[in-house]
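Asker: Structure for this input, please:
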Amino acid sequence: MKKRIKDTPVSPETYRSEFANTYRRAIEFYLGTPKEESVYVEDPELERELMRLFLDCESKIIYFLGKEGIGKTTFLKNVFGLSDNAVVFDEAKDIACISMSFRGVLLEKDANEYIINSISCVCTALEERYGFRENFYSIEGHNLFFDYIKETYCSLLENVSSVELIGKSAQDIRLLKLQRAEQKYPYAYMVSKLNFYLNYYCMAIHNIVIVIDNTEVLNKEIRGKIAKSILSFFSGLINDKYIDSAKKNLAVNLIFSMRPSTYEELVKTEEIKAYHPVTVLHKEKPVDMVKYFSLKRDTIIDKNGMEEVWDDAYEIIMTLANKFNHKYSDMISNLCNYDFESMKKIYKKILMNKVWLLRGERRRDFLNMSKTDYLFNNISVLRAIACGNNAVYRGEKSVVVPNAMLNDEFNDDSMLSLLVMSFFMRERKLIMKKRLFDYFERIFGSDPGIRESLERVVKHFLDTEILEETYNWKNPIQKSKYLYLTSRGEEIWHLFKSDSVLLEMYREDYFFDEEDDACDFTSSFQLMNTVGQYEIFIQLFLYIDLLIEKEKELHRKVKSNGTLGEYYSCFGSKIQAKRLLEGVLKSIEYSGNMYTYDIQNEITRLENKIKNIDA
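Answerer: Have a look, this model is predicted:
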């Protein structure tokens, strides 16, 4: 029978149940979640790289890749001055920028109409910008357009039966053929119309930028068809041979903004892979939250006569973001896998926390709290993120600090979880899923229990975004998927050795055998409020002792297979329990309990046990 520490509710005496503290309005301002953020934090290096691609005046397809929520849309909107589904002109650069941003779920028919309408909007914008509407919608203008289509796409004009032509004048026949082309093939007609405008009426435009965004809202099948249509549109623009010799070359830059997984899915399709030339540009840096808060402050319009409160709120937020040389802002960024909206939610979750963030008596009175009541340290910040207002940690898959030591009532995969993370931290590259499983089978042998455990761990890590699965876009011939450790996974790995906080939380989420003395089923919160940190460390020593036994079982399997050397080569020479112990020792050092008799005895005992793990 297994059980874990019960989630003991925090007493209502610990803090007031109503929550409307002094800084709430200011925190909501800085950390609310509008989808269209008014503040833009520049990425100068990436901007220069993108602009360099335009300076060569060559047409190209640019796949602009970045993680979900990293700020691709905001970046492109600010670089080109775009708004959704609009046309923007930059006279200084002779550029017309076209935005196509998908919203909501579209059927295939709706998606095609959306593209046609988007091209039509470009044509309308050009008419208004350059004032040629009356010229085009005259008999002479349509005759020119007819001649243009006849030279470039004559089959569009062959949709009228001979019977329909009886008794009509030459002019009427031309207009009927144009009308029928628009009705039967609206997409080809609108592309031809746009090309005609660019050739005859818009000689000032030398560069067209087409930005395609939010394709992830479309289902996979429609996304592929939309991509083909837009690439066909791009091809039609750059391959138009009916260009006035006096006109400079027209450069068309098609920017597909998408997640790497979407790109990898698309380029597997031969029809899409056939379009060239292609450039891949990555957005890799997350939003700098320190700069964001500073810029956000400049947008405040009304402090409602509470200037001091707003200034204090800003100071609190910046203290959290800057403390220990940006330790917490970097940690939040990594745990959120660089998702900007998620990062803002986590900052808000920390600053609105009732249990872990406030000092002593101030927990009882939020209405009278002050900026000095916030307590930012490793325990309070990480616990506020992972536990919220609960006293006990539960590593649900939805949290940004999931339990990376997988276990439940039936299986204990905790040590194998650490081996998987250690493997990726040592490899530091994309690993084929099959290769990962082959490594484990070579080291542990054909042990069905190990394979099942590995399958559970990999699935759990993918579900919790500790691992991500991808294709290797640098090697398009290889069709197999690869795995890599995300920034969340790397941050969790580093948290193990930085102090004891993460292990304290995982201890509360661990299913111990009921008859085992390794845990007395008391949470760290309760221990801190009663006997103090000393007892927490004793409990962690018991937990590590249990994990050493689990790791020793794995070593026995490996020794029996004669692959101990390969085990150390694959996972490193450091025992996993030793890594966990090192984090605990750092916390003991901070606490001042390092040289107490019981602590020293336990450290010596565990270190000897680790040293002799292969004995």
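Asker: And the residue of the chain positioned farthest from its centre, how far from residue 176?
Answerer: Ranking residues of the chain by C-alpha distance from their mean position (Cα atoms, centre = their mean) puts residue 167 at the top, at 64.1 Å. Computed as Cβ to Cβ, to the nearest Å, the residue 167 to residue 176 distance reads 12 Å. From N, CA and C alone the C-beta is placed, and that goes for glycine too.
Asker: All the helices of the stretch 401-550 of the chain, residue numbers only.
Answerer: 414-427, 433-444, 448-463, 487-498, 501-508, 524-528, 533-561 (DSSP state H, counting those that start in this stretch).
Asker: residues of the host helix or strand of residue 579 that come out buried?
Answerer: When elements are defined using DSSP states H and E, residue 579 is found to belong to helix 576-591. Along helix 576-591, the positions that meet the burial threshold by neighbour count (16 or more other Cβ atoms under 10 Å) are 576, 577, 578, 580, 581, 583, 584, 585, 587, 588, 591.
Asker: Pull the residues that contact that helix.
Answerer: By Cβ atoms under 8 Å, 6 or more residues apart in numbering, the residues outside helix 576-591 that reach it are 415, 418-419, 422, 495-503, 533-534, 537, 540-541, 544, 547-548, 551, 594, 599, 603, 606-607, 610.
Asker: Can you show me the CA trace of the following helix or strand past it as PDB?
Answerer: Following helix 576-591 in sequence order, the next helix or strand is helix 597-611 (DSSP H and E). Extracted as PDB, the C-alpha positions of helix 597-611 are listed here (Å, rounded to 0.1, in the frame of the first residue of the first chain):
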ATOM      1  CA  TYR A 597      25.700  16.300  15.100                       C
ATOM      2  CA  ASP A 598      22.800  14.500  13.400                       C
ATOM      3  CA  ILE A 599      23.200  16.300  10.100                       C
ATOM      4  CA  GLN A 600      26.900  15.400   9.900                       C
ATOM      5  CA  ASN A 601      26.200  11.800  10.700                       C
ATOM      6  CA  GLU A 602      23.600  11.600   8.000                       C
ATOM      7  CA  ILE A 603      25.800  13.200   5.400                       C
ATOM      8  CA  THR A 604      28.600  10.900   6.200                       C
ATOM      9  CA  ARG A 605      26.300   7.800   6.000                       C
ATOM     10  CA  LEU A 606      24.800   8.800   2.700                       C
ATOM     11  CA  GLU A 607      28.100   9.800   1.100                       C
ATOM     12  CA  ASN A 608      29.500   6.400   2.100                       C
ATOM     13  CA  LYS A 609      26.500   4.600   0.700                       C
ATOM     14  CA  ILE A 610      26.800   6.500  -2.600                       C
ATOM     15  CA  LYS A 611      30.500   5.800  -2.800                       C
END
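Asker: List the buried residues of helix 597-611.
Answerer: Taking 16+ other Cβ under 10 Å as the basis for neighbour counts, the residues of helix 597-611 that come out buried are 599, 602, 603, 606, 609, 610.
Asker: In space, what's closest to the first one - neighbours in sequence excluded?
Answerer: I take that to be residue 599. Among residues not flanking residue 599 along the chain, residue 593 sits closest, at 5.6 Å (Cβ to Cβ, 6 or more residues apart in numbering).
Asker: Mind giving me the PyMOL command for buried ones among the contacts of helix 576-591?
Answerer: One line in PyMOL is enough to select the buried members of the contacts of helix 576-591, burial here meaning 16+ other Cβ under 10 Å:
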select buried, resi 415+418+419+422+495+496+497+498+499+500+501+502+503+533+537+540+541+544+547+548+551+599+603+606+610
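Asker: coming back round to it: right, and out of the buried residues of helix 576-591, which lies closest to residue 84?
Answerer: For those, the closest approach to residue 84 (Cβ to Cβ) belongs to residue 583, at 46.8 Å.
Asker: In the stretch 301-450 of the chain, where is pLDDT below threshold?
Answerer: Within the stretch 301-450 of the chain, the set of residues satisfying pLDDT under 70 comprises 359-370.
Asker: Which parts of the stretch 1-150 of the chain are helices?
Answerer: If you assign secondary structure with DSSP H, counting those that start in this stretch, the helices in the stretch 1-150 of the chain sit at 24-31, 44-55, 72-80, 108-130, 133-136, 139-152.
Asker: Give the other helices and strands that the second one contacts.
Answerer: This points to helix 44-55. strand 60-65, helix 72-80, strand 251-258, strand 278-282 (3 or more Cβ pairs under 8 Å, 6 or more residues apart in numbering; DSSP states H and E).
Asker: Next, the angle helix 72-80 makes with that helix.
Answerer: Inter-element angle recorded for helix 44-55 and helix 72-80: 60 degrees (by axes from the mean of the first three to the mean of the last three Cα atoms, to 10 degrees).
Asker: Next, the buried residues of helix 44-55.
Answerer: Neighbour-count burial for helix 44-55 [16+ other Cβ under 10 Å]: 46, 50, 54.
Asker: again, but for the fourth one
Answerer: By neighbour count with 16+ other Cβ under 10 Å, helix 108-130 contains the buried residues 111-112, 114-116, 118-119, 121-123, 125-127, 129-130.
Asker: And it, what does it pack against?
Answerer: Here helix 108-130 is seen to pack against strand 87-90, strand 95-101, helix 186-200, helix 220-238 when contacts are counted using 3+ Cβ pairs under 8 Å, 6+ apart.
Asker: Tabulate the ones you listed in CSV, adding columns for distance to residue 72.
Answerer: CSV is the format used below for those (distance: least, Cβ to Cβ, whole Å):
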stretch, distance to residue 72
strand 87-90, 18
strand 95-101, 11
helix 186-200, 26
helix 220-238, 16
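Asker: Off-centre distance for stretch 180-196?
Answerer: Centroid separation for stretch 180-196 versus its chain: 39 Å, with Cα atoms, centre = their mean, to the nearest Å.
Asker: again, but for stretch 145-161
Answerer: A distance of 47 Å separates the C-alpha centroid of stretch 145-161 from that of its chain, computed with Cα atoms, centre = their mean.
Asker: go on, stretch 194-208?
Answerer: Counting by Cα atoms, centre = their mean, stretch 194-208 is centred 38 Å from the centre of its parent chain.
Asker: Give the rounded mean pLDDT of that stretch.
Answerer: Per-residue pLDDT values across stretch 194-208 average out to 89.
Asker: Residue 196 and residue 147 touch, don't they?
Answerer: No - counting by Cβ atoms under 8 Å, residue 196 stays clear of residue 147, with 9.8 Å between them.
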